[in-house]
Structure formats: structure tokens, C-alpha cells
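**Student:** Provided below for reference: sequence and predicted model.
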Amino acid sequence: MDVDWKKEEGAPSPGTPVCDLSDLVPGRLSKFDFGTDKVFSLIVYRTDDGIFGYVNRCPHHWIAMNRENGEFIMWDEDEHELMCAHHTAVFRLAHGGECIDGPCKGSNLTSVPLAEINGQLVIDDSVN
Ligand code: FES
């Protein structure tokens, strides 16, 4: 599934602040919601090597990957792997969001470009 995240309802505009960098804990997934009724959900994952942003929608059925209570399932923390709460697809968060197991194996999460400006994480406006 090839999705233009910018066309999704509630997608944040380039330059929109996401959070302070200091709010991101390495190895922990964070979720930020945008738009009316918080309809656009962004997940951000920080490692020692970088910060990765994705639309919180599984390519299998294009629904949020967290449980109803908001929790995410980190499958293998050493490999930075997230498991979708619905049908157990596994994604590598530090490798382009590639799905390595489950019903949508071979697909990818939809990346959202991020930039660091003066200690703040923002939606990158240098990428079209
Ligand atoms: S919706 Fe994620 S694996 Fe089915």
C-alpha cells in the first residue's frame, strides 16, 4: 500500500511541532495525535542512532496498531520491533518500518519525515 500521509485527514502541516526531543526516551514508542478529534496518529520511536516517525496505521487493514487501551506491543525491543495488536504483524521501526512477519509481510509502515530544530522535533518541511 502506497499512501501519501499528507493527504490523510488531520495530517499535520510541515513545520508543526511534535514534542521536545528530551521527551523521547530511547527504545520507547511515543504517540502524538493531530487534527480534529485527534484523527491523525503519529508514532515516534527513538534509538541511539536516530528518530523514526510513522503513521499509526497498519498496512494490513489501515487501522491503528495499538490495543484499545492505547498500549503498543514491543515484540523485540533489542531489534526495535513493534507488533500490531490486531493480527500480529511485526514491523522493524529502525528499518523503514518494514513488516517482517504476519499478514502484510513485505509491506512497510508509512513514514512521516521529522526534523530536529533547536531541541524540538517537528514535521519536516524540507521533504515533499
Ligand atoms: S491490522 Fe495489523 S496485522 Fe492486521
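**Tutor:** Alright, I've got the coordinates. Keep in mind that this is a model prediction, so the values were computed, not measured.
**Student:** list the contacts of residue 121.
**Tutor:** Contact analysis of residue 121 by C-beta atoms under 8 Å, 6 or more residues apart in numbering lists 17, 18, 19, 20, 21, 24, 44, 51, 114, 115. Placement of C-beta: from N, CA and C, glycine included.
**Student:** 7 Å instead?
**Tutor:** 18, 19, 21, 51, 114 (C-beta atoms under 7 Å, 6 or more residues apart in numbering).
**Student:** assumed it was part of a helix.
**Tutor:** No - counting by DSSP: H, G, I helix; E, B strand; the rest coil, residue 121 is not part of a helix but strand.
**Student:** backbone dihedrals for residue 75, please?
**Tutor:** Backbone torsions of residue 75, given as degrees, to the nearest 10, read phi -80, psi -50.
**Student:** residue 84 contacts residue 64, correct?
**Tutor:** No - using C-beta atoms under 7 Å, residue 84 makes no contact with residue 64, being 9.1 Å away.
**Student:** more neighbours: which of those two?
**Tutor:** Remark: of residue 84 and residue 64, residue 84 carries more neighbours, 26 against 18, as counted by other C-beta atoms under 10 Å.
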